[in-house]
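# with the input below, show me the fold.
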Amino acid sequence: MVDGVTWATLSIEYGDIVSKAIETAHRIEHALPGSRVDQLDEELVAVPDISARTKIHRETIRSWVTGTRGPGGFPLPKASLGGGDRGSMKVWRWADVNRWLDQTYSLGDGFHHPTEAQLAEINAYLARAEPLVTVLTQSGPSAVSYSAARNLESGAAALFMVDAHTSGVPRPAGYNMQAEAGQ
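Reported below is the predicted structural model:
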């Protein structure tokens, strides 16, 4: 659990990642009564994260980003965070960076991460899906830790955010569990 959010990782060897992700979300909700899988994480990374994952120096990553080294074509950032005196920090979807690293330098992590379209399809489904199990308790919200094993030989990966509340209150579409966890 990180910052009140429980993470679960899904790896599949073959098949439709959208169907498998939705099926796994249902299984998590069934296995953890009262839990709610809210979304598939975009897995946003900044230069330091890319460096840590690939064991490549940050300056090399920055030169790829700016196009001063390498073949060019580094993915466009998904967002720019912060600002102020130190400037903003660009972030990318790990799936896009991983795909570029694999195609350009054969340095990908070996997984086929969901495309942006697949991510949107899964999250749209999860946003409108009703929880499978609702449990009423006297104790109020409680955190439940769950982690699915990640098989490094598998071909696809997905990262879930799991809302493990047992308050018995179904979550409405668009519910932001991160906001609640911060309260």
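
# quick one: the helices in this protein?
Along the chain, the stretches classed as helices by DSSP state H are 17-31, 47-54, 58-66, 94-105, 116-128, 177-181.

# you'd agree residue 42 is up against residue 119?
Yes. Contact criterion C-beta atoms under 8 Å: residue 42 and residue 119 qualify, at 6.5 Å. In this view, the C-beta of every residue, glycine as well, is placed from N, C-alpha and C.

# in CSV, list the helices of the chain along with mean pLDDT.
What follows is the helices of the chain, written out as CSV (pLDDT from 0 to 100):
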stretch, mean pLDDT
helix 17-31, 90
helix 47-54, 97
helix 58-66, 97
helix 94-105, 96
helix 116-128, 91
helix 177-181, 37
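
# in TSV: these, plus distance to residue 80.
Formatted as TSV, those follow (distance: least, C-beta to C-beta, whole Å):
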stretch	distance to residue 80
helix 17-31	28
helix 47-54	12
helix 58-66	12
helix 94-105	15
helix 116-128	18
helix 177-181	20
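
# for the ones you listed, give me a markdown table that also has distance to residue 10 and mean neighbour count.
Output for these, formatted as a markdown table (distance: least, C-beta to C-beta, whole Å; neighbours: other C-beta atoms under 10 Å):
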| stretch | distance to residue 10 | mean neighbour count |
| --- | --- | --- |
| helix 17-31 | 5 | 18 |
| helix 47-54 | 18 | 16 |
| helix 58-66 | 27 | 16 |
| helix 94-105 | 14 | 19 |
| helix 116-128 | 10 | 15 |
| helix 177-181 | 18 | 15 |
